[in-house]
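Engineer: Okay, predicted coordinates and the sequence, questions at the end:
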2 protein chains.
Amino acid sequence: MRPTKRDELVAKALQVFYRNGFHATGMDMLVAESGISKTSMYKHFRTKEDLILASLRLRDENFRNWLFRRMEELADTPRGQLAALFVALSEWFREDTYRGCMFIKASAEFQEADHPIHAQAAEHKRLLFSFVRDLAAKAGAKDPTGLAYSLLLLKDGAIVTAHMGYADDPAAAAAHAAEILLEAALGPVN
Amino acid sequence: MRPTKRDELVAKALQVFYRNGFHATGMDMLVAESGISKTSMYKHFRTKEDLILASLRLRDENFRNWLFRRMEELADTPRGQLAALFVALSEWFREDTYRGCMFIKASAEFQEADHPIHAQAAEHKRLLFSFVRDLAAKAGAKDPTGLAYSLLLLKDGAIVTAHMGYADDPAAAAAHAAEILLEAALGPVN
DNA sequence: CTATAAGTGTACAGATCGGTTCTCTTTGTC
DNA sequence: GACAAAGAGAACCGATCTGTACACTTATAG
């Protein structure tokens, strides 16, 4: 089952939007970079906004699959996996295609909270939160919600800091802070 | 010494860029909103990019003045002022004009690290870091740089989380995490 | 073979983009 | 009151924006 033209288009649009931004990317650029005709693009997606939403859906799927899998590979206890979140982040930051968080950037370009693109970006963050909170609960935290929020603040802070490039190693700083928070919430490691 | 036309223009451009985004705001919109003629705008600023840079300079000045002053008002010890950072943030988040961090959004729309706008946004973060690191040193931290980075990760994480609007009270979560980090770095409060 | 669907390529519409040019009016100063 | 500087207002330029129209080519299935 080879990928359909539609899937190829979305995958390529995802790359270009991520690299170049949403407003700054025109449909003509997508035609040039994807090799798919404008006619086909507008047959699959009625508007640019629809294409952006599809790109974000794919990104959400890819990113969560990658992150959750990587956290499970790196550790086999809930607590270890929470710490591994920041190891995975540091790997991501080192990729030369790293350009920050696509959802933060999407919500920055489409600011109104009720805008479909903004809303979908927020949904991605909610899904991450729910995963991390469940892990925190499994790890035995008394306040899994609070611990999850704290860790995700460090994560998003590190993501934007790594993208702005004014700090040496934001992933390491986040990992260090996370270790302290984990110890405060769960006690010292065995 | 009344404000010059130029200052009025920059102040208004700052508002519109902050509310509406950079690419999404056209010069015609600025003409309409500021009541200043296009001729004058282009006499003061050769390009839109120059106007954006001037807006960011003003924002940097306003924001640091406000934040540093507020932290000093809220506490009189270095440690207390570091904690007060998150009280000030929570006040900011509650303003109905709150739209996230203008510098994060600027670096999201102008992604290349060597782009003047991206570079200037990073400079703002560096100035904040330097202030917080000095406070951490005055508070007696063994690793002021590390403590400052950790606190600023929480701060930027809270800022983007508050803007995306998927969490109840990111400022409170950040304040709670910061309290733990401060205790770990500086020992229990007297 | 043929009917149908999917895709290509290109020209185009109407609006808006950043930026320029022009004329006319206001404003402050000696 | 004369004069220069600054600003207003609007037309305009070429480029680009999202989205459409149309004529042509491929691929697939009965």
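Structural biologist: Now that the structure is in, tell me what you want to look at. All of these numbers come straight from a predicted model, not from anything done at the bench.
Engineer: Kindly report the residues of chain A close to DNA strand D.
Structural biologist: Residues of chain A found near DNA strand D (CB under 7 Å from any atom of the strand) are A:Thr25, A:Gly26, A:Met27, A:Asp28, A:Met29, A:Lys38, A:Thr39, A:Tyr42, A:Arg46, A:Thr47, A:Lys48, A:Glu49. C-beta: built from backbone N, CA, C; applies to glycine.
Engineer: show me what contacts the third one?
Structural biologist: The one in question is A:Met27. By CB atoms under 8 Å, 6 or more residues apart in numbering or on different chains, the contact set of A:Met27 is A:Lys38, A:Met41, A:Lys48.
Engineer: Can you tell me which of the residues of chain A next to DNA strand D is nearest A:Asp114?
Structural biologist: Distances from A:Asp114 to those, taken as CB to CB, are shortest for A:Glu49 (13.7 Å).
Engineer: helices or strands up against the helix or strand encompassing that closest one?
Structural biologist: Element membership of A:Glu49, judged by DSSP states H and E, is helix A:48-74. Counting contacts by 3 or more CB pairs under 8 Å, 6 or more residues apart in numbering or on different chains; DSSP states H and E, helix A:48-74 is packed against helix A:5-20, helix A:78-94, helix A:102-109, helix A:116-138.
Engineer: Any stretches of chain A with poor pLDDT?
Structural biologist: Along chain A, segments meeting pLDDT under 70 span A:1-3.
Engineer: What residue in it comes nearest to DNA strand D?
Structural biologist: A:Gly26 (3.1 Å; CB to the nearest atom of the strand).
Engineer: on that earlier part again, got the angle for the helix holding A:Glu49 vs helix A:116-138?
Structural biologist: With axes from the mean of the first three to the mean of the last three CA atoms, to 10 degrees applied, the angle from helix A:48-74 to helix A:116-138 works out at 20 degrees.
Engineer: Is there proximity between helix A:48-74 and DNA strand C?
Structural biologist: No. Shown here: helix A:48-74 not in contact with DNA strand C (CB under 7 Å from any atom of the strand), separated by at least 12.0 Å.
Engineer: for stretch A:22-41, same thing?
Structural biologist: Yes. Interface with DNA strand C: stretch A:22-41 contributes A:Val31, A:Gly35, A:Ile36, A:Ser37, A:Lys38, A:Thr39, A:Ser40 (CB under 7 Å from any atom of the strand).
Engineer: In helices only, show me those residues.
Structural biologist: A:Val31, A:Lys38, A:Thr39, A:Ser40 (DSSP state H).
Engineer: which of those residues lies closest to B:Phe86?
Structural biologist: Using CB to CB, A:Val31 comes nearest to B:Phe86 of those, at 47.1 Å.
Engineer: what about that closest one, how many neighbours?
Structural biologist: The tally of other residues near A:Val31 (other CB atoms under 10 Å in any protein chain shown) stands at 16.
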